[in-house]
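Asker: no FASTA, just this:
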């Protein structure tokens, strides 16, 4: 059962978060209703530093073990208070960075180092064969609307410099975080006037 798609609802800054309060309040209500009617054996919480604490609190009400995967960025500082909060509600923690693993391993033995999932998707031989050994540059302009407006113009400036230095060397791709952002990205790319940038099909793996 699919409750809600939140990929395009991430926020950056106070104003964006205020704008999405109702959405997340409704999400919490839907989650509680769903858990009260269904037997769930395990929950996996991924990233989302601002709302996973709230979701974890609801999930724990139903005695459902929680696995935390790709933990929020506060381990980088490190914000040990939040690290401990995550440890308290997590049955297991699966990390993708070694430093992330080392931080959590200080507070719990139930932490595992998995490695970054994107590494397994890279196949240098296949890429080189398909594109004649050209260099592929991929842009990931964020999973928040404000990030697209803030970061994408700077990314395009960098691509223009690269393309000017060696026009035949590079192939440029951009990958939207969700289909909801595709329209925004297409509109922004027209304004930035860089036709060499290809949109990575949303169905591509």
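Answerer: Great, that's in hand. Predicted model only: the values in this text are computed from it and were never measured.

Asker: can you tell me how far the nearest residue to residue 143 once chain neighbours are set aside is from residue 200?
Answerer: Closest residue to residue 143 apart from its sequence neighbours, by Cβ to Cβ, 6 or more residues apart in numbering: residue 177 at 3.9 Å. In short, each C-beta sits where N, CA and C put it, glycine included. From residue 177 across to residue 200, the span is 11 Å (Cβ to Cβ, to the nearest Å).

Asker: verify the contact between residue 143 and residue 180 for me.
Answerer: No - with contacts counted by Cβ atoms under 8 Å, residue 143 stays clear of residue 180, the gap being 10.3 Å.

Asker: out of the two, which sits in the busier spot?
Answerer: Between residue 143 and residue 180, counted using other Cβ atoms under 10 Å, the more crowded position is residue 143 (18 against 13).

Asker: could you measure from the more buried one over to residue 49?
Answerer: 13 Å.

Asker: ok so, going back, of residue 177 and residue 200, who's got more company?
Answerer: residue 177 (19 against 14).

Asker: rounded mean pLDDT for stretch 41-50, please.
Answerer: Stretch 41-50 shows a mean pLDDT of 87.

Asker: what does stretch 197-205 give?
Answerer: pLDDT averaged over stretch 197-205 gives 66.

Asker: what is the neighbour count of residue 144?
Answerer: 19.

Asker: residue 197 too?
Answerer: 20.

Asker: same check on residue 43?
Answerer: Going by other Cβ under 10 Å, the residues that sit close to residue 43 add up to 20.

Asker: quick check: beta-bridge partners of it?
Answerer: Residue 43 forms beta bridges with residue 66, as assigned by DSSP bridges.

Asker: does it touch residue 58 like I think?
Answerer: No - assessed by Cβ under 8 Å, residue 43 is found out of contact with residue 58, at 9.7 Å.

Asker: residue 57: which element?
Answerer: helix 52-61 (DSSP states H and E).

Asker: so which elements touch that helix?
Answerer: Contact here means 3 or more Cβ pairs under 8 Å, 6 or more residues apart in numbering; DSSP states H and E; on that basis helix 52-61 packs against helix 21-37, strand 43-46, strand 66-69, helix 80-89.

Asker: moving C-terminal of the longest helix seen in the chain, what's the next helix or strand?
Answerer: Longest helix of the chain, by residue count under DSSP state H: helix 145-165. The helix or strand immediately downstream of helix 145-165 is strand 170-174, counting by DSSP H and E.

Asker: the next helix or strand after that next one to strand 170-174, inter-axis angle?
Answerer: Under the assignment DSSP H and E, the closest C-terminal helix or strand after strand 170-174 is helix 182-192. Inter-element angle recorded for helix 182-192 and strand 170-174: 140 degrees (by axes from the mean of the first three to the mean of the last three Cα atoms, to 10 degrees).
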